[in-house]
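J.: Here's a sequence, model it:
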Amino acid sequence: MLDEHHFEKISQALPFLQSGPPQLIRDFKDHAFYAKIPSGREIFVEGDEVDGIALMMSGVVRVYKLGETGREITLYRFGEGESCVITANAILNQQDFPAIAQVEQDAEAVMIPADVFSQWVKQYDPWRDFVFSLVSDRLASVMEIVDQVAFHRMDRRVASFLLKRSKLQNPIVITHQEIANEIGSSREVISRLLEDFATRGLVRLSRGEIHILDSEGLKTYLTL
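T.: Next up, the predicted model:
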């Protein structure tokens with residue numbers, strides 16, 4: 001059962017709860033429950049049975065695939081007001097979880113049991129609209145990743161990654177291995193490309209940080 005404080009908090013992140021049908025509100029308060037999940041905790045690993053879905057109030061969860069060689073590729077992240085489309089799909093299709101979902105930043109979430117989630121999709125239009133919107137929004141980002149992996153050169157992908165991250169912070173606080181995990185490459189390939197960028201004066205490398213010196217120069221890689 002969800003108390004009023006946590007219901008108000010999740011309602012701010014999910015506005016449809018503020019004007020939804022009274023029965024949905026009652027059911028939500030009766031069946032949802034609050035969870036605090038520390039950074040580093042794996043919510044699901046590949047092959048897990050999915051017994052519930054998290055609606056995020058704070059924090060960040062990373063969803064990624066792990067290959068047979070140990071190489072990782074990030075599928076997406078979700079945070080406040082969002083949920084995991086792979087979890088939703090697994091529940092609706094009664095499948096096991098096909099990836100790994102790990103908390104990156106301490107998270108607060110409202111958890112919905114799997115059977116209740118499925119029932120609400122059939123019963124409540126606002127809930128069904130939320131789920132379909134979630135699928136639509138996330139599908140676009142996953143398709144972008146498929147396009148990047150299948151058709152783009154690695155130097156272009158690294159340049160694109162650095163440009164996006166530099167909008168949030170510069171220097172970018174990240175290791176070469178973490179970049180490799182993000183875009184599905186190896187640390188050695190990423191290090192070689194970064195050294196090449198550094199030689200060209202586009203970036204400056206230091207331990208655990210990448211300083212972007214020439215954004216326009218990096219942008220030239222996007223047209224190659």
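J.: For the residue nearest the centre of the chain, give me its contacts.
T.: Computing the C-alpha centroid of the chain and ranking residues by Cα atoms, centre = their mean puts Arg77 first, at 1.0 Å. Neighbouring residues of Arg77 by Cβ atoms under 8 Å, 6 or more residues apart in numbering: 60-63, 104. (Glycine included, C-beta is placed from N, CA and C.)
J.: buried subset of these?
T.: Among these, those buried by neighbour count (16 or more other Cβ atoms under 10 Å) are 60-63.
J.: So Tyr64 lies in a strand, does it not?
T.: Yes. Assignment of Tyr64 by DSSP: H, G, I helix; E, B strand; the rest coil places it within a strand.
J.: On the three-state scheme, the spatially closest residue to it that is not a sequence neighbour is what?
T.: The spatially closest residue to Tyr64, leaving aside those adjacent along the chain, is Thr74, at 4.8 Å (Cβ to Cβ, 6 or more residues apart in numbering). Taking three-state DSSP as the rule, one finds Thr74 in the strand state.
J.: cool, and Met111?
T.: What three-state DSSP gives for Met111 is strand.
J.: isn't Val116 right up against His31?
T.: Yes. Contact criterion Cβ atoms under 8 Å: Val116 and His31 qualify, at 4.6 Å.
J.: rewinding a little: would you convert the buried ones among the contacts of Arg77 into TSV that also reports distance to Leu14 and pLDDT?
T.: Shown next, in TSV, are the buried ones among the contacts of Arg77 (distance: Cβ to Cβ, whole Å; pLDDT from 0 to 100):
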residue	distance to Leu14	pLDDT
Val60	17	93
Val61	16	95
Arg62	21	93
Val63	19	93
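J.: Now do the strands in this protein.
T.: Under the criterion DSSP state E, the chain carries strands at the ranges 33-37, 42-44, 52-66, 72-78, 100-113, 172-173, 203-206, 209-212.
J.: Alright, I will stop here.
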